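> Got a predicted structure here, sequence first:
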Amino acid sequence: MLKNPKSVIYPMDEPSPTINFMGLRLDVFNDVYVPREDSFLLAKHTNKLEGNILELGTGCGISALANASRNPSNYVLGVDISQRAVNNANYNAKHNRISNATFVRSDLFSKVPKVRFDAVLFNPPYLPEEGRASKSMLDLALYSGKDGRAATDRFLEEVSPHLLPGGRAFLIQSSVTDIPKTLEKAHSLGFSAEILEEQSFFFEKLCLLELFRE
Ligand SMILES: C[S@@+](CC[C@H](N)C(=O)[O-])C[C@H]1O[C@@H](n2cnc3c(N)ncnc32)[C@H](O)[C@@H]1O
């Protein structure tokens, strides 16, 4: 949830930014999460994965589309609880002429078909809600339960049936939401976990976890 992403261009006459990333031009609609360091960390490590790929909370589609464009024989499904994000990702797929990625609205896995994927990606909302009364669509991208862990915990509990044997889950975590607690929960659910990359900033540490079963 870092501010001032370096590679964002804000056109003077449009309210929403455009991101140029890995040869893609990604427009970001109002009320959709603007990709930043956490987004780039996930996309950078997952764009070469092959097979059937699922991204939860896809936002404007950055990781799903980076993977789909780099691997034309992949099938990529991106879901988001926000219909605006789904529309945004579909728009970016069309305007980048990517036909092997599909986007649908889903609360985590609720509308995901009962098929298993080679990889499941998630950059979850992770800020504590701190008694916020109402939720805007953009709040859904940022806040997740009293301690910020609601989406992460649900993901860990529900991901297994969606992974092929040997499949991997890739999860962004922040020091804001207690990374050791996530590792402990993953282990208790039978996953091995590896930290693929950590990035430290003034006010938080970000990391990308890879989860798998031996
Ligand atoms: C931190 S943003 C990440 C967006 C994008 N993947 C990226 O990296 O830039 C989290 C995204 O998760 C979505 N989201 C939040 N809760 C969700 C849920 N229960 N099911 C599906 N998507 C959810 C939000 O709408 C938002 O687009």
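Here it is on my side, so go on. Numbering: from 1, shown residues only.
> which bits of this protein sit near the ligand?
Taking C-beta under 6 Å from any ligand atom, the part of the chain that reaches the ligand is made up of 33, 35, 39, 42, 56-59, 62-63, 79-82, 85, 107-108, 123, 125, 140-141, 151. Yep, even glycine has a C-beta here, placed from its N, CA and C like the rest.
> Filter these down to just the ones in helices.
Members of the residues of the chain next to the ligand lying in helices (criterion: DSSP state H): 39, 42, 62-63, 85, 140-141, 151.
> still on that earlier bit, from the residues of the chain next to the ligand, list the buried ones, please.
Burial by neighbour count, judged by 16 or more other C-beta atoms under 10 Å, picks out 33, 35, 39, 42, 56-59, 62-63, 79-82, 85, 108, 123, 125, 140-141, 151 from the residues of the chain next to the ligand.
> unless I'm mixing things up, N67 is touching G78, no?
No: in this structure, N67 is not within contact of G78 by C-beta atoms under 8 Å, at 9.5 Å.
> can you list residues touching both of those two?
Counting by C-beta atoms under 8 Å, 6 or more residues apart in numbering, the shared contacts of N67 and G78 are 55, 101.
> Kindly export the lengthiest strand in the chain (C-alpha atoms) in CSV.
Longest strand in the chain, counting residues (DSSP state E): strand 163-174. This file holds the C-alpha atoms of strand 163-174, laid out as CSV (Å, rounded to 0.1, in the frame of the first residue of the first chain):
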residue,chain,number,x,y,z
LEU,A,163,-4.1,-26.3,-6.6
LEU,A,164,-2.9,-29.2,-8.7
PRO,A,165,-0.4,-31.6,-7.1
GLY,A,166,2.9,-29.7,-7.3
GLY,A,167,1.0,-26.4,-7.7
ARG,A,168,2.1,-23.3,-5.9
ALA,A,169,0.5,-20.3,-4.3
PHE,A,170,2.1,-16.9,-4.4
LEU,A,171,1.0,-14.5,-1.6
ILE,A,172,2.0,-10.9,-0.9
GLN,A,173,2.3,-10.1,2.8
SER,A,174,3.2,-7.0,4.8
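> which residues are in contact with it?
So strand 163-174 is contacted by 1, 38, 41-42, 45-46, 49, 51-52, 116-124, 126, 152, 155-156, 159, 179, 182, 191, 196, 204-213 (C-beta under 8 Å, 6+ apart).
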